[in-house]
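Participant: predicted model follows, preceded by the sequence.
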Amino acid sequence: SLKGPSLDRLQSRTYDGITLAPIYARANAPVDEATRGLPGAPPFVRGATVLGNAASGWDIRQCLVEGGLAELNRVALDELERGATSLELVWDRAGRAGLDPDVHGADVGIDGVSISCLADLDRALDGVQLELCTVCLEAGPSFASAASLFLALIEQRKCNPAEVRGELGADPLAALFSEGWLPTSP
């Protein structure tokens, strides 16, 4: 497909003098374990810590916006099996607005998943080991309700809260600007 010129023509050079090939193959990778290194050991090509990315604060997060709980769960389990280390569940418009999905059907399943009770969250995360996977709940202004559901799920599943990692994705100012409201206390 090059029609004559050599493959070397496709190489490029960075500003600091490193030559980048257009494609790399398994043959380009070191095969010697001593050359490759171990996690937390020189030359640090497999991470700076023995515990890997979890200890350094990095993770591979999959954002889940599927409209149905069964589909969301299928995608979540598939992504975790393929290397994701955390999941972000995005509430739909009705959930972000704190509306009952049975009453306000128009916004249900739009821009996210409808999670309005503990059973919904449990179904969405069925088969997900909360002690092994960080769960981020992106519920907009309804972050306090989402937190309550997550705490109830931890209790229901009898997980050790000290071993569960979760995030609320709570940003009250962004929620106020994007949704136009914030929850108020009675």
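Facilitator: Alright, I've got the coordinates. Numbering: from 1, shown residues only.
Participant: could you pull out the helices in this structure for me?
Facilitator: 33-36, 53-56, 69-81, 93-96, 118-124, 143-156, 172-179 (DSSP state H).
Participant: give me the contacts around the third one.
Facilitator: When contacts are taken as C-beta atoms under 8 Å, 6 or more residues apart in numbering, the neighbours of helix 69-81 outside the stretch itself are 62, 64, 66, 87, 89, 113-115, 120, 123-128, 133. C-beta here means a position set from N, CA and C on the backbone, and glycine is covered the same way.
Participant: and it, average pLDDT?
Facilitator: For helix 69-81, mean pLDDT rounds to 94.
Participant: please spell out which residues along that helix are buried.
Facilitator: 69, 72-73, 75-77, 79-80 (16 or more other C-beta atoms under 10 Å).
Participant: distance to residue 101 added to those residues, as CSV?
Facilitator: As requested, the buried residues of helix 69-81 are arranged in CSV below (distance: C-beta to C-beta, whole Å):
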residue, distance to residue 101
69, 11
72, 15
73, 17
75, 20
76, 20
77, 24
79, 25
80, 26
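Participant: drop anything exposed from the contacts of helix 69-81.
Facilitator: 62, 64, 66, 87, 89, 113-115, 120, 124-125, 128, 133.
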